[in-house]
Each structure stands twice: as C-alpha cells, then as structure tokens.
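A.B. asks: Please find the sequence and the predicted model below.
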Amino acid sequence: MELRKRVKLRPGIPTASMGDVAFLILIFFLTSTVFTKDKGLKMLLPEKTAEEDIVHVKPENIVMITINPAGEIKLKATGHEDYLPPGQYDEIKTVVETKLLERDTLLVVSLRTSKEAPYKSMVEVLDQLKLAKVTTSDGRELRANKISLIPTSEE
Amino acid sequence: MRKSIIRRRSRGSEIPTASTADIAFLLILFFMVTTVFRATTLRLNITLPQAKSTERILMRRNVSYIWVDINSKVYVDDNIVPKELVAAKMAPKIWENPELIAILNVDQSVAYGIVDVILDQLKEAKAFRITFAAEFRRS
C-alpha cells in the first residue's frame, strides 16, 4: 500500500489583498488631507494704552499715509509729499525703503484710513508696507514693522 | 489490492474573497465616522482683497474666523454677530486659547470704518494676533 504523500505546503502570507490595502490607505489620505487655505497679512495689534503711556514720536521718524474715501493717497514724510491715485501705490514701497535706510528702526508708519475708504485700498497699502525691505550697510535686514492703524472720519 | 493513484487535480489559482466583506465594512465604518453633515450652509458673498505679501497661516488649530460680507454683516465662526459684540464673542475664545489668531475675511469693498470697529473690539478682547485675509496677487 502506498501511503498518501502529504504535500508539504510552504507557509506564506497571502498577498492577494495587497491591492485593497493600498487602495484603503490611498483613500484614507485622500479624505483626510486638508491643504492650508488660509492666507493673508499678519499683524499684531497693540494693547490699549493709557493716556500717560503714549509714546511721542519725533515727526522726522514718521511716514504718514492718508487714504481718503475715494482711495486716493497722500504720502507724507519729511522732505517728501506725494499724491497717488487708487491702484497705483507702488511708490509707497520705495519711499518707505529710503526712509528705513535713513531712520533705521526708529521709523514709524502711520496709516490713516478714512472710515469711508474701501478696505481694499487699506490692504493694498499694508501690502506695500510689508513688501518694503532693505538691508543696511552692516548687513541687517530692516522692515517697516511699526505700523499704526488710525481711522479718520471726514467732517 | 488496488493501486490507488491519487490524481492531482490542477487547481486554478484564485484570489481569496473571504475578506471582501471585511474590507467593505471597514470602508462603511470609515465613511460613517468621517462624514460631517453641515446643518447650515453659509452663503457669504465675499471677495477678498489681493496682496503680494500674502503669507500662509500654518497653525490651523489656533484659528478663529471673522467674516464681513459685502453688506457689512459680521460673522464670528459661522454666527452672525452685531459688530459691537465681537469682543464679547471673542473674549472666551482668547481665554481658552491665548495663542488664537483671528483671521479677518473682509470683502474688499467694505468701508474701513467697520474693520476699525472690529479691530477695536479685538483689542478689547485681547485678541492681538490677527491676519487680514487676502488672495495672493501674481504679476
């Protein structure tokens, strides 16, 4: 009598479901990935100051930008005065950059926006201020960080 | 005695289908858990202003949204809030998370006066870290 020979099965991990697993992982990451969609201009608001804490800034350290209700701009700094029509604010950057080199970290930009002015023009001016960047002769990078937002109302 | 020859049947190769149900159930559970139904759909008519120096906000957990639509209506995190009460709405959020960044999504044609009121309210609520949401401008 011939004994039935047991065929020795080699142990193995079934790989048929590999594809399923791969798809599952793919779908998981497809659904769970969220792309950052928030973007904008960062600002740090100042704390409310008491009357006696108010710092006085010398007029030569100030660049004053006034936006009127029509979105037109008056740019005023010592020895410089400019009127810019809406949508053509590119000059702000160059003026602020020259002032930065001149005044270093002391420079304060005062952004006076009329309450009736469109928000768009205020953001565009802020954009120009954020873009202003100079490198001093000793290699420091200067930006117009001190920006004060002041609302104005037409009488 | 008969010689028994066990004929080897050639078996066709097959993909085991026993676990298909498991996979299907897993998918069902996955989608059950991850699906979120929105009770209300906000239809906000907001066109953001454009700026070249737009940065990405990476901290998504520390974020609170303030929306101002074209009709100057103010929303804080999906709720309509009168603009004078933004501070009252924001103060508890700041208390919970002092690192909170308020993102202002304001329509580009809204008058600056409203933005100023909101900024003032945020100062009162001690929400000093803000972002003016803007679209990136190419050119």
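C.D. replies: The structure has been received and is ready for your questions.
A.B. asks: contacting residues around B:Ala91?
C.D. replies: Residues counted as contacts of B:Ala91 (Cβ atoms under 8 Å, 6 or more residues apart in numbering or on different chains) are B:124-126. All C-beta spots, glycine's among them, are computed from the backbone N, C-alpha and C.
A.B. asks: same deal with B:Gln108?
C.D. replies: By Cβ under 8 Å, 6+ apart, the neighbours of B:Gln108 are A:118-120, A:123, B:47-50.
A.B. asks: Checking it next. Helix, strand or coil?
C.D. replies: Of the three states, B:Gln108 takes coil according to DSSP: H, G, I helix; E, B strand; the rest coil.
A.B. asks: what's it sitting at in phi/psi?
C.D. replies: Per-residue torsions, B:Gln108: phi -70, psi -20 (degrees, to the nearest 10).
A.B. asks: For the residue positioned nearest the centre of chain A, pull up the helix or strand it's in.
C.D. replies: The centre of chain A sits closest to A:Leu41, judged by Cα atoms, centre = their mean, with a distance of 2.8 Å. Per DSSP states H and E, A:Leu41 falls inside strand A:39-44.
A.B. asks: Ok, A:Phe23 next?
C.D. replies: Judged by DSSP H and E, A:Phe23 forms part of helix A:18-32.
A.B. asks: which residues in chain B form helices?
C.D. replies: B:20-34, B:86-96, B:112-124 (DSSP state H).
A.B. asks: err, chain A, not the other one
C.D. replies: Using DSSP H, helices in chain A cover A:18-32, A:90-103, A:119-131.
A.B. asks: circling back to that earlier point, confidence score at the residue nearest to the centre of chain A?
C.D. replies: Listed pLDDT for A:Leu41 reads 88.
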